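coordinates only, sequence not included:
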């Protein structure tokens, strides 16, 4: 009898936790997947933004010197290019280690080795399509390794179907119109993305406009930024 | 080590016959074609008994022995064979050199104790060569010159100890033991100097005056004598400054299977770790040599990104490298050598097995990635002083120190990712110098909603040709919100080609 009760309690807390909406500044889940198109840089951009956001929230001291591993397969390099140091976030520029893998198996090996390493802050992977090697078993392996060693994995899936995966959070991202910069309204502004959280273990699904304003990640409701700002707190249907 | 009948021995190996049997029972000469007809390079025992000598013309030898058979000699093949022998002979010492055409020099400094003394070492070498049916004359001496003299003219398996008086021991040898040219030997014979001791008998200044304009060692008996006695160094000998840590296992039974080899490698890694620990060093480069029964040697190299002496780590890395080794008839000796070491402070071994679960260090992680994916696959970007965006970043090994560089300019907005090759796009723009309105990339037309630019980057005149065109870079955002970095290559009226092309080079976040 007491066992059932405690089980009930667990279910309650789980449900309470799950009803909590995702917001920026939470601790990073061990394994996240971000689905993106191979014709835009948004996938890697959002992965970096989320990773940096989680790092900022989890670390008390501001100086983090751990390296960052970025694994790409050959097709991802061809589609979206290699990371460019002057364009990276300033705190990551000197810490990046980049790996090019010829095959998906090699990329998965590199990801797993990276997750096992205690001296890495996080691991970013970019894989194209739905390779056979990345089945549910492989994905579960990655999740377990990441959880065991506490190194978060951000896996960007370029031009991929939403297949089976054990990722704790799964995002779908598209580019969104950026807010106009202060001094030149005709220029592209801070990067923003329309991100849909379509599966998460601890949160309810939802959609946000995410924007990296240089210091932190800002989430806005999924309407166009200008309208949302004008509407303020009122629901848009009424206003 | 002198192989007096290398060419004949090799011919006999090719014919698969023992000495004095089968084809070898008849007189035979190996000949080389010269301008004056065939000349004999080597003769077998029967041929020598019949009167043929090395260096004779074949016609002269035929008059002495009409039934002399001939085969073409193969000096290149002999030299290649000698090279293989030199590597094979490294099982008796870490360093060996060719002494063409028929000799080998092996450095056995500090090695003899592995074989229970120098006499046993020589016996072991003799047995190994006899097993391969190669005649060898061996000698150990403190200098290469003395060893050469003893092996050619001294007693069988001569050993000259470092403490012996080399001049007294060698004075009975003929002057030919000095490795001199033929004409110099003729001069010495005419002077009546037949033995090494005779050279000591007359004054050094007299000899010096006689050979004062002979600079080459092979033409000057004084230089050769000094080399023989160790008074001047001979470049053939390496100056061994530091003994590289070396461990080896000679196997009772040749092994052919992978599991056994892994076990041997694990043992060697343990030995190597102990050896390195004793010296307070860690290995950066490791070599493993596998000596096969049939005389071949397989070598594998391993470079580590940081000094280590963790046997498990070494073993794991080598196991990936040993996949393609062909064991043939079996491997009889395995040796591991750390040819590059770095100081590594002693540290406490991990007392808690929990360290296993705490993950690997960065250096170990990089090593594993490099071994499987190759050196070029694991890199880090570093800044390079250049205005050209694709040149402003270079890829270096991950744990290398970052070169000092100027900081990037803060007001330059750069894309998150750069394509390896800028992709050509078709662009609509209002006027020749106006902002782009729309572009077609990868078969898709994108309307440009926002644009910033141009940022003009002129060609680097100190590096590129004078016809290189400038680039006008634009940061654009299309109506869907995707952000790109595109450039126009040249100006319409710059006189360096026709209408400018447009390229897409980077993807912004």
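Happy to help now that I have it. Keep in mind that what you see is a predicted model, and the values were worked out from it rather than measured.

tell me which residue in chain A sits closest to chain B.
Chain A approaches chain B most closely through residue A:45 (2.7 Å), counting by CB to the nearest CB. For glycine as for every other residue, the C-beta is placed from the backbone atoms N, C-alpha and C.

got phi/psi on that residue?
Here is the backbone geometry of residue A:45 (degrees, to the nearest 10): phi -60, psi -50.

show me the contacts for it.
Shown in contact with residue A:45 (CB atoms under 8 Å, 6 or more residues apart in numbering or on different chains): A:191, A:193, A:212, B:416, B:508, B:509.

kindly reformat those as TSV containing neighbour count.
Formatted as TSV, the contacts of residue A:45 follow (neighbours: other CB atoms under 10 Å in any protein chain shown):
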residue	neighbour count
A:191	24
A:193	27
A:212	22
B:416	24
B:508	25
B:509	26
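
could you list which of these belong to helices?
Among these, no member is found in helices (DSSP state H).

now, among those residues, which is nearest to residue B:174?
Taking CB to CB as the measure, residue B:174 sits nearest to residue B:416 out of the contacts of residue A:45, at 79.5 Å.

quick one: contacts for the closest one?
Residues in contact with residue B:416, defined by CB under 8 Å, 6+ apart, are A:41, A:44, A:45, A:48, A:83, A:84, A:87, A:88, B:506, B:507, B:508, B:509.

same thing with residue B:280?
B:343, B:344, B:345, B:346.

nearest to chain A among the residues you listed?
Of all the contacts of residue B:280, chain A sits closest to residue B:344, with 17.7 Å by CB to the nearest CB.

how about the closest one: what's its closest non-neighbour residue?
Distance criterion CB to CB, 6 or more residues apart in numbering or on different chains; nearest residue to residue B:344, sequence neighbours excluded, is residue B:282 at 3.1 Å.

on that earlier part again, can you tell me which of the contacts of residue B:280 has the most neighbours?
Counting neighbours by other CB atoms under 10 Å in any protein chain shown, residue B:344 leads the contacts of residue B:280 with 18 neighbours.

return the backbone torsion pair for it.
Main-chain dihedrals, residue B:344, degrees, to the nearest 10: phi -140, psi 120.

most proximal residue of chain B with respect to chain A?
Closest point on chain B to chain A, by CB to the nearest CB, is residue B:509, at 2.7 Å.

and the pLDDT at the closest residue to that residue other than its chain neighbours?
Excluding the flanking residues, the one nearest residue B:509 by CB to CB, 6+ apart is residue A:45, at 2.7 Å. Turning to residue A:45, the model gives it a pLDDT of 93.

so how far is residue A:65 from residue B:401?
Distance of residue B:401 to residue A:65, computed by CB to CB, to the nearest Å: 14 Å.

how distant is stretch B:81-92 from the center of its chain?
Mean-position distance between stretch B:81-92 and its chain equals 14 Å (CA atoms, centre = their mean, to the nearest Å).

show me what contacts residue 94?
I'll assume chain A. Shown in contact with residue A:94 (CB under 8 Å, 6+ apart): residue B:402.

wrong one, I was asking about chain B
Taking CB under 8 Å, 6+ apart, we find residue B:94 in contact with B:107, B:111, B:244, B:246, B:337.

then residue B:295?
Residues near residue B:295 by CB under 8 Å, 6+ apart: B:84, B:88, B:132.

same question for residue B:440.
B:425, B:426, B:427, B:446.

and chain A, is whatever helix or strand the last one lives in touching that?
Read that as residue B:446. Here residue B:446 sits within strand B:444-457, counting by DSSP states H and E. Yes: counting by CB under 8 Å from any CB of the partner chain, chain A is contacted by strand B:444-457 at B:444, B:449, B:450, B:451, B:452.

next, the contact list for the residue nearest in space to the middle of chain A, please.
Chain A has residue A:47 as the residue nearest its centroid, 3.8 Å off, counting by CA atoms, centre = their mean. Listed by CB under 8 Å, 6+ apart, the contact partners of residue A:47 are A:32, A:34, A:124, A:154, A:156.
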